[in-house]
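In: with the input below, show me the fold.
(chains A and B)
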Amino acid sequence: MATFGVEGIRYFSNARAAGISVSDLTYTFNRCNGFDSKLQSAGHTRAFYFANTNCWETDIRDSDRGGDDVHWVDNVDIFWIETHGNHTTDGQAVMVYDTPHTNWFTYSGQWELGENWNAEWIMAYSCSTVDRNNVSGLWNIFAGMHIYCGAWDSMYDGTTTDECGEDVGDNLTDGDTISESWIDGVSDWWVDNHPITVCVGDAATWNGGNIQWDRSYLNRDHLWGHGNVDPDLPPAQQACILWRWAEG
Amino acid sequence: MNDKMLIEQMTSSVEGVPPVPPRAEVIAVRQHSLDELEQRARSFLDATGEAFSLPLNHRDWVVQNDQTLIRMPFGARAVVYHASGAMKLVIGLKPMELIFNKLEEREKLVELVKETAERLKLYDLVKQNETLRFERLWQIKAAAADRKSQTVEPVLCRVVGAYRHFVGELPVWGAASVAVKLAGEGVLDSLTVQMRESTGEVIDRVEILRPEQAARQVFLQLSRLMGQSKIPVSEVAKPRTLRFGYLSLPKRKTQRVLAPVYIAEIEIEGQEVSQAYVLVTPATEKTYLPLPNGSEAPPTPLRRTE
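Out: Below is the predicted model:
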């Protein structure tokens, strides 16, 4: 079975006081709690659940870059985070925190997940953390990690999206793949959410540009205990980056 | 843009039933017993299995806290949500299995979805004075790039046809009332039905607030979320739509009535991080449909301190 971590930020008063233009959310913990309860009900182990100012950017920043991911995000199989997000012009994911420990923002250029540690899957309910025109900007985060689940444009906070965490959790524990669990779980096929899942693949998957889609993590990875999980793919064997998204 | 202009912009973007009627009905929603839900699920699975020649007749039923999970051969499953009666059938295809041979014209895909809807007799799901209308086509695609940033053309993995339930002339907003997900060659991947069944009983016939009143309420909600921000709401908020109609709450929630509401989609742009909100406000003086509150985090041990 899997170990998992959850971080959610609903209130941003400290960030606003520091001059960052960011609004509070309403249903952050409906989603986080839903994900948490579904995974726990299925027998998975919660390693940590941090909220608001207890969420720190150092939790995901690589230990070699002054962060502490070895104890938190890179120490669990699957990590769910909700906050506001964006991406940089060079394709890095950006997310904001409500306390500067030690920075207000995290940049994915400082993540290296799955190294000798644990992280297989990251799920970020945040706007625009993937630049669909430059998905390769995320390549550095895959140091053994399998799939990043995020958004290529807006992800809405509202009454109609408050069960997304439960939906993703149900999908995962009912045996859907990680990619399908995310895209289906955060989509109600009405609200303009923009889910995307990103992974890396080997030379056989790239196959000279004639992609062998059936070999990719997008097609094969499930949550531990609910189906197949492919082995880690070290950076030296990574030949391509693959992504799957919903648009409407 | 100032506050007044923002409110005017929202007011002018009303979608749903132009013009917004002066009065509308509050209608009772039917509540189902577990036995009734089971019977509906059997009919749903029988009909879908027959329409697509799927082996959905061997069923393992597991009643859970708030839903019933039905396992079927070859990885298929269905879920019935007790609070709403919503049903979801998943056939069990892998995400990249049976993808489309090529990207298709949107019109052709819409046609494929509509043919499937006919085959599934989806239009029979609604009662007299109700309709089910095609709303939107979604597409799930995939692409890849190598180390030299050589990118391959996207492939089309799935299409999702979203349908909207109307009671009288009013749309019932919320998650798609019906979502048909198809793989290549029109193979059914999943089918979700999420409609609140009305009893037909009119509980009240009420005066509808004007769109500008709703826009003001939405503006107040947004202002509260922005707290003591140094940048005025009106400078950063980009209203996408203001919709009028009924609202179906998410599928795990009970709902006694369909009551008129306004629903705004608003994005906050041009800042370091993007933000997007769906904000709902009653379209009536009296609140007939209480909206779910935002939860707080569970009490957990304080994290380490330095």
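In: a strand runs through B:Lys286, doesn't it?
Out: No. B:Lys286: not assigned to a strand; according to DSSP: H, G, I helix; E, B strand; the rest coil it is coil.
In: against chain A, how distant is it?
Out: Computed as Cβ to the nearest Cβ, to the nearest Å, the B:Lys286 to chain A distance reads 19 Å. (Glycine included, C-beta is placed from N, CA and C.)
In: bridging residues for the nearest residue to B:Phe52 once chain neighbours are set aside?
Out: Closest residue to B:Phe52 apart from its sequence neighbours, by Cβ to Cβ, 6 or more residues apart in numbering or on different chains: B:Leu188 at 5.0 Å. Counting by DSSP bridges, B:Leu188 forms beta bridges with B:Leu182.
In: domain assignment for chain B?
Out: As assigned by automatic domain parsing, chain B contains the domains B:3-28+B:203-282, B:31-198.
In: for these, which one sits closest to A:Tyr125?
Out: For those, proximity to A:Tyr125 was assessed by Cβ to Cβ; domain B:3-28+B:203-282 is nearest, at 11.2 Å.
In: quick check: end-to-end length of the closest one?
Out: Chord length of domain B:3-28+B:203-282, first to last residue, is 21 Å (Cα to Cα, to the nearest Å).
In: give me the distance from it to the chain's centre.
Out: Counting by Cα atoms, centre = their mean, to the nearest Å, domain B:3-28+B:203-282 is centred 16 Å from the centre of its parent chain.
In: count the residues that sit near residue 129.
Out: Picked chain A for this. 31 (other Cβ atoms under 10 Å in any protein chain shown).
In: right idea, wrong chain: chain B
Out: 11.
In: what residues does the nearest residue to it once chain neighbours are set aside make contact with?
Out: Excluding the flanking residues, the one nearest B:Asn129 by Cβ to Cβ, 6+ apart is B:Gly168, at 5.9 Å. The neighbours of B:Gly168, taking Cβ atoms under 8 Å, 6 or more residues apart in numbering or on different chains as the test, are B:Glu25, B:Asn129, B:Glu130.
In: got the phi and psi for B:Gly168?
Out: The phi/psi pair for B:Gly168 (degrees, to the nearest 10) reads phi 60, psi -130.
In: tell me the spacing between it and chain A.
Out: 20 Å.
In: tell me the pLDDT at that residue?
Out: We have a pLDDT of 93 for B:Gly168.
In: across the sheet, point out what pairs with the residue of chain A found nearest chain B.
Out: Proximity of chain A to chain B (Cβ to the nearest Cβ) peaks at A:Gly158, 2.6 Å away. Beta-bridge pairing of A:Gly158 under DSSP bridges involves B:Val278.
In: residue contacts, it?
Out: A:Thr26, A:Tyr27, A:Val191, B:Tyr277, B:Val278, B:Leu279, B:Val280.
In: up against chain A, what does the stretch 51-200 of chain B have?
Out: B:69, B:75, B:77, B:79, B:90, B:94-97, B:99, B:135-147, B:149-150, B:152, B:155, B:157, B:160, B:162, B:173-176, B:179, B:190, B:192 (Cβ under 8 Å from any Cβ of the partner chain).
In: ok, back up a step: just the contacts of B:Gly168 now: which is nearest B:Glu235?
Out: B:Glu25 (39.2 Å).
In: is it fair to say that closest one lies in a strand?
Out: Yes. Counting by three-state DSSP, B:Glu25 is found in a strand.
In: if we can go back for a sec, lowest average pLDDT across the domains of chain B?
Out: Across those, the lowest-scoring stretch is domain B:3-28+B:203-282, with a mean of 93.
In: residues in contact with residue 142?
Out: Let's take chain A. Contacts of A:Phe142 (Cβ under 8 Å, 6+ apart): A:Leu113, A:Gly114, A:Tyr148, A:Cys199, A:Val200, A:Leu233, A:Pro235, A:Gln238, A:Ile241.
In: sorry, should have said chain B
Out: Contacts of B:Ala142 (Cβ under 8 Å, 6+ apart): A:Trp213, A:Leu218, A:Leu242, A:Trp243, A:Arg244, A:Trp245, B:Met96, B:Ile99, B:Pro154, B:Val155, B:Cys157.
In: A:Ser187 touches B:Trp138, doesn't it?
Out: Yes. Using Cβ atoms under 8 Å, A:Ser187 is in contact with B:Trp138, at 7.5 Å.
In: overlap in contacts, these two.
Out: By Cβ under 8 Å, 6+ apart, the residues touching both A:Ser187 and B:Trp138 are A:Ala246, B:Val160.
In: out of those two, name the residue with the larger neighbour count.
Out: Taking other Cβ under 10 Å, A:Ser187 and B:Trp138 do not tie; A:Ser187 has more neighbours (26 against 20).
In: that one belongs to a helix?
Out: No. Counting by three-state DSSP, A:Ser187 is not part of a helix but coil.
In: how about the contacts made by it?
Out: A:Ser187 sits in contact with A:Asn193, A:Pro195, A:Ala246, B:Trp138, B:Val160, where contact means Cβ under 8 Å, 6+ apart.
In: please apply the same query to B:Gln275.
Out: A:Val22, A:Ser23, A:His84, A:Cys127, A:Asp157, B:Glu267, B:Ile268.
In: hang on, the earlier thing: any chance of the contacts of A:Gly158 in JSON lines, plus neighbour count?
Out: Below are the contacts of A:Gly158 laid out as JSON lines (neighbours: other Cβ atoms under 10 Å in any protein chain shown):
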{"residue": "A:Thr26", "neighbour count": "23"}
{"residue": "A:Tyr27", "neighbour count": "29"}
{"residue": "A:Val191", "neighbour count": "23"}
{"residue": "B:Tyr277", "neighbour count": "24"}
{"residue": "B:Val278", "neighbour count": "25"}
{"residue": "B:Leu279", "neighbour count": "25"}
{"residue": "B:Val280", "neighbour count": "24"}
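In: which of the residues you listed sit farthest apart?
Out: A:Thr26 and A:Val191 (14.1 Å).
In: dump the strand or helix carrying B:Thr48 to PDB, restricted to CA.
Out: Per DSSP states H and E, B:Thr48 falls inside helix B:34-52. The C-alpha trace of helix B:34-52 is given here as PDB (Å, rounded to 0.1, in the frame of the first residue of the first chain):
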ATOM      1  CA  LEU B  34     -31.600   2.400  -1.500                       C
ATOM      2  CA  ASP B  35     -33.900  -0.100  -3.100                       C
ATOM      3  CA  GLU B  36     -35.000   2.400  -5.700                       C
ATOM      4  CA  LEU B  37     -31.400   3.300  -6.400                       C
ATOM      5  CA  GLU B  38     -30.500  -0.300  -6.900                       C
ATOM      6  CA  GLN B  39     -33.400  -0.800  -9.300                       C
ATOM      7  CA  ARG B  40     -32.400   2.300 -11.300                       C
ATOM      8  CA  ALA B  41     -28.800   1.000 -11.400                       C
ATOM      9  CA  ARG B  42     -30.000  -2.300 -12.700                       C
ATOM     10  CA  SER B  43     -32.000  -0.700 -15.500                       C
ATOM     11  CA  PHE B  44     -29.100   1.600 -16.300                       C
ATOM     12  CA  LEU B  45     -26.600  -1.200 -16.600                       C
ATOM     13  CA  ASP B  46     -29.100  -3.500 -18.500                       C
ATOM     14  CA  ALA B  47     -29.800  -0.800 -21.000                       C
ATOM     15  CA  THR B  48     -26.100   0.200 -21.500                       C
ATOM     16  CA  GLY B  49     -25.000  -3.400 -21.700                       C
ATOM     17  CA  GLU B  50     -27.600  -4.100 -24.300                       C
ATOM     18  CA  ALA B  51     -26.800  -1.000 -26.400                       C
ATOM     19  CA  PHE B  52     -23.100  -1.800 -26.600                       C
END
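In: from the chain's centre, how far out does it sit?
Out: That offset, for helix B:34-52, works out to 21 Å (Cα atoms, centre = their mean).
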